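Sequence plus the predicted model coming up.
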Amino acid sequence: MKRSLRLFALTAICLMLAPLSASAGGKFVPLPAENGKSNKLKIRFVRYTGGSTGKMVIEVRNTGKSSAKFSAKGLFFVPNGNAESAPQRLGAAGPFDDPQGQRQEKLTLKPGQKSTLKLQVFCLDSHRSSPGKSQGFSVAKKRLPKELQRGIAGGAKGILKKNKGKMSFDRSNSEIQGHVWKTRNKKWIKLQGERKSEKSSSGNRRNRIQRQMLNNSLSN
C-alpha cells in the first residue's frame, strides 16, 4: 500500500512538472521576412544570458521541403510583460555562433533540420533597465526597419573590421553597443513593444544611463 502511494505521488509530481518543462522558452513562430522575402524557417526564443549585452539563445527549424538560409540581420526581441515596466528590447547585430561555436553570417538548414544558435544582441532602449537571465522574450513579428537596420549593421561591420574581423566580436561588444545607442537615439523609430511615452526620459538622463551601462559592460 505504501509503495503504491509513493508511486502515485511520484507520478503526480511528474505530471505537475511536465507542463513547466514544456513551457520553457517560447513557441516556434515564422521567421520574420528579410527584404520582403520569407521562407519556411521557424524560430523560437530559448533563453537570454542577461545584461545590457549578451547572448540570445534561439532555435531555428526548417519546416519546408527545400533548404533555406537563416540570417539574424534585423531580428529583435521584445521582453514579455507590460511594456510600461518591461526592460530593454534587444536587437541582433553582427555574426552569430552556430552549434559548433563557429561564427557565421548565414546558416543553411536542410528540410526538417533544427539548429540551436547564439545571437549577440544589444540594448535598443538606453533609458530602460537591463533584463535578467530569467526574463522571457518574444521574437518581434517584423525585423528592424531598413533605415535603423542599415545604420546598426553598417556600424557594427565597420567596428569589427577595424578590430580585425568577426573573431574580435567579444572584445568589440562595448563599442558596438555605444554605436547602437547612438544610431537608435539619432532618429527615434517606434518598434513593437513601444511604451506610450517611450521618449519621456530627458536627453540628459538617457545619456547618463548610457554611460553607466557602457561602463558596467566595460568593467565586466
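That came through, no problem.

Going along the chain, name the strands of the chain.
Along the chain, counting by DSSP state E, strands occupy 29-30, 41-48, 53-62, 68-71, 76-79, 90-97, 103-104, 106-109, 114-123, 137-139.

Check the burial of residue 84 by counting its neighbours.
9 (other C-beta atoms under 10 Å). Just so you know, the C-beta spots here come from the backbone N, C-alpha and C atoms, and that holds for glycine as well.

so it makes contact with residue 195?
Yes - between residue 84 and residue 195 there is a contact at 5.5 Å, judged by C-beta atoms under 8 Å.

how close does residue 156 get to residue 149?
11 Å (C-beta to C-beta, to the nearest Å).

Of those two, give the one with the bigger neighbour count.
Using other C-beta under 10 Å, the more surrounded residue of residue 156 and residue 149 is residue 156, with 24 against 20.

can you tell me which residues contact that one?
93-94, 176, 179-180 (C-beta atoms under 8 Å, 6 or more residues apart in numbering).

which of the residues you listed has the most neighbours?
Neighbour-wise, the contacts of residue 156 (other C-beta under 10 Å) top out at residue 93, 31 neighbours.

Go ahead and confirm that residue touches residue 176.
Yes - counting by C-beta under 8 Å, residue 176 is a contact partner of residue 93 at 6.1 Å.

list residues touching both of the two?
With C-beta under 8 Å, 6+ apart, residue 93 and residue 176 have common neighbours 122, 156.

Dump the contacts of residue 156 to a markdown table, plus distance to residue 68 and pLDDT.
What follows is the contacts of residue 156, written out as a markdown table (distance: C-beta to C-beta, whole Å; pLDDT from 0 to 100):
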| residue | distance to residue 68 | pLDDT |
| --- | --- | --- |
| 93 | 22 | 83 |
| 94 | 21 | 77 |
| 176 | 28 | 88 |
| 179 | 30 | 91 |
| 180 | 28 | 92 |
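
For this structure, which segments count as helices?
2-22, 146-162, 169-186, 203-219 (DSSP state H).

Quick check: mean pLDDT of the last one?
Read it as helix 203-219. Per-residue pLDDT over helix 203-219 has a mean of 47.

Looking at the nearest residue to residue 29 once chain neighbours are set aside now. What's its pLDDT?
Leaving aside its sequence neighbours, residue 29 sits nearest to residue 139 (C-beta to C-beta, 6 or more residues apart in numbering; 5.7 Å). Looking at residue 139, its pLDDT reads 96.
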